[in-house]
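Q: Sequence and predicted model, in that order:
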Amino acid sequence: MKKILIANRGEIASRIIRTCKKLGIQTIAVYSDADKSMPYVSEADHSFRIGEPPVNKSYLNMEGIIEVAAREGAEGIHPGYGLLSENAEFARKVTDAGITFIGPEPETIRMMGDKIRARQKMKEAGVPVVPGTDEGIASIEEAVKAAKEIGYPIMVKASGGGGGIGMVRCENEQALNQHFEQTRKRAQAYFGSDEIFIEKCIDHARHVEVQIFGDRFGNQVHLFERNCSVQRRNQKVVEEAVSPALSMSTQEEMYKAALRAAEATGYQNAGTVEFIVDEDENFYFLEMNTRLQVEHPVTEAITGFDLVEWQIKAAKGERLPKIQEDIQRNGHSIEMRIYAEDPATFYPSPGNIAKMKWGAGNVRVDTGYSAGSPVSPFYDPMIAKCIVHGPDREECIYMAQLFLKETEITGIKTNIPYLLKVMKDPAFRQGNYTTGLLGQLLIKGEEQ
């Protein structure tokens, strides 16, 4: 594989380019009119305009992306995360064009992208799932009956959903009646299917995921877990590896469950098995992400492995670089996502970055922006990921605070003040926090 097209933009495009340069692989970038001056466009060996700023006219243009790859002789396409990364139709079109899709098999993406089918598959494999319905709910009458059996509060979810989209919490029957039809309509609009299901809402929970990897020879390994419980509106903000306040026995059982999931799906390439963990450390399958995760750098930090390199090698048909017994973890790592948004209202803050000065310290910064870069309103407002690695969690938190205090980004507003609040919060520092942490901090801020 001598040339790879990156079907993505910004930070992840730059990230993939770095690994390709290390491996001696040429890169092809695609960009929209809004991104023509972005750093990744000049970092790639070749760059081509793909369309207008809206994603449906550029980064979701499957035929246009594949046409560029074929014309320029790319042997592989790396989808990054988001956009087309978990689109089974795109993966199939890529392979049908005789190009290697750097990710799992199209059928695996399709199977795990359907949340109802994924639940069924996991139950068959002996992986614990959240109490809920194993078939689609067709009417409000069915929904009310199922909710009574499961017990409130519940989550109404789109079977094709992801990224926090297509799901709503219902505290009682009145709320269920209010949200049922609109959730179905939103599911149809976003995912092309109005199929929805119901799961029990696990309160005071932690969101923990296990990184898995597989090759074409049937080998599968895990690379430990990540805690992703610092979330706002089901979107992750801070992630760490490994998870604090989780017993070693629960970790081991979670690894086994993740590997059962990988084996049941014949999993190849990078993937993540996501779990919800209750107050008693019972854990339940949420979903499998059939792609590289935004937070993969914390796993790279504690293992010393380049996961993009692993992806490329697995896609080429090579065996995994390591067997399970040889995969060790070293120290602790925390990733903080910096967003272009108002830290008080959380509204996006598009505009041009006037100054971008990073704090001191041995901190990895993955960004697709630089001073002068425009932050477009058309795309996700994340502008950087800052990854701290240290001998222990306490040292990581200390380094993270110093780094954030010294970082200066002007021209736009960012969530850096809020990230500092997280690092200073007693519940976070103790490691015994849940997915409700950011909401609690917001309430505290309003009280002050």
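A: Alright, I've got the coordinates. Computed from a predicted structure; not experimentally measured. Numbers count the residues shown, from 1 in each chain.
Q: Just the element for the closest residue to Arg15 other than its chain neighbours, please.
A: Nearest residue to Arg15, sequence neighbours excluded (C-beta to C-beta, 6 or more residues apart in numbering): Asp366, at 5.5 Å. (Each C-beta comes from the backbone N, C-alpha and C, glycine too.) For Asp366, the host element (DSSP states H and E) is strand 363-367.
Q: strands paired with that strand, and their directions?
A: strand 382-390 (antiparallel) (DSSP bridges).
Q: can you list contacts of the partner strand?
A: 11, 294-295, 297-298, 301-302, 331-340, 353, 358, 361-369, 375, 396, 399-400, 403-404, 407, 409, 412, 414 (C-beta atoms under 8 Å, 6 or more residues apart in numbering).
Q: one more time with 6 Å, if that's ok
A: Residues from elsewhere that reach strand 382-390 (C-beta atoms under 6 Å, 6 or more residues apart in numbering): 297, 301, 331, 333-340, 363-367, 369, 396, 399-400.
Q: Stretch 182-199 now?
A: Residues from elsewhere that reach stretch 182-199 (C-beta under 6 Å, 6+ apart): 116, 130, 132-133, 136-137, 146, 154-160, 165-166, 168.
Q: Helices - which of those residues land there?
A: Within the contacts of stretch 182-199, residues falling in helices by DSSP state H are Ile116, Ala146.
Q: could you give me the average pLDDT of stretch 22-35?
A: Stretch 22-35 shows a mean pLDDT of 97.
Q: Using CSV, write down the CA coordinates of it.
A: Taking C-alpha atoms only, stretch 22-35 is exported to CSV below (Å, rounded to 0.1, in the frame of the first residue of the first chain):
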residue,chain,number,x,y,z
LYS,A,22,6.3,7.4,9.1
LEU,A,23,5.5,4.4,7.0
GLY,A,24,6.5,5.9,3.7
ILE,A,25,3.0,6.0,2.4
GLN,A,26,1.8,8.9,0.2
THR,A,27,-1.4,10.6,1.2
ILE,A,28,-4.3,12.2,-0.7
ALA,A,29,-6.5,14.7,1.1
VAL,A,30,-9.9,15.9,0.0
TYR,A,31,-11.3,19.3,1.1
SER,A,32,-14.4,21.4,0.8
ASP,A,33,-14.4,25.1,-0.1
ALA,A,34,-14.5,26.0,3.6
ASP,A,35,-11.4,23.9,4.4
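Q: What residues of that stretch count as buried?
A: Under the neighbour-count criterion of 16 or more other C-beta atoms under 10 Å, stretch 22-35 has Ile25, Gln26, Thr27, Ile28, Ala29, Val30, Tyr31, Ser32, Ala34, Asp35 buried.
Q: The fourth one bridge partners, please.
A: Right, the one you point to is Ile28. Leu5, His46.
Q: hang on, it packs against Glu72?
A: Yes - between Ile28 and Glu72 there is a contact at 5.5 Å, judged by C-beta atoms under 6 Å.
Q: C-terminal to the strand holding Asp366, which secondary structure element comes first?
A: In N-to-C order, the element after strand 363-367 by DSSP H and E is strand 374-375.
Q: which residues are in contact with that following strand?
A: Residues outside strand 374-375 that contact it (C-beta under 6 Å, 6+ apart): Ala340, Pro350, Gly351, Asn352, Ile412.
Q: Not counting sequence-adjacent ones, nearest residue to Ile397?
A: In this structure, Ile397 finds its nearest non-sequential neighbour in Met423, 5.6 Å apart by C-beta to C-beta, 6+ apart.
Q: sorry, back to before: quick check: of the buried residues of stretch 22-35, which lies closest to Pro381?
A: Ala34 (13.3 Å; C-beta to C-beta).
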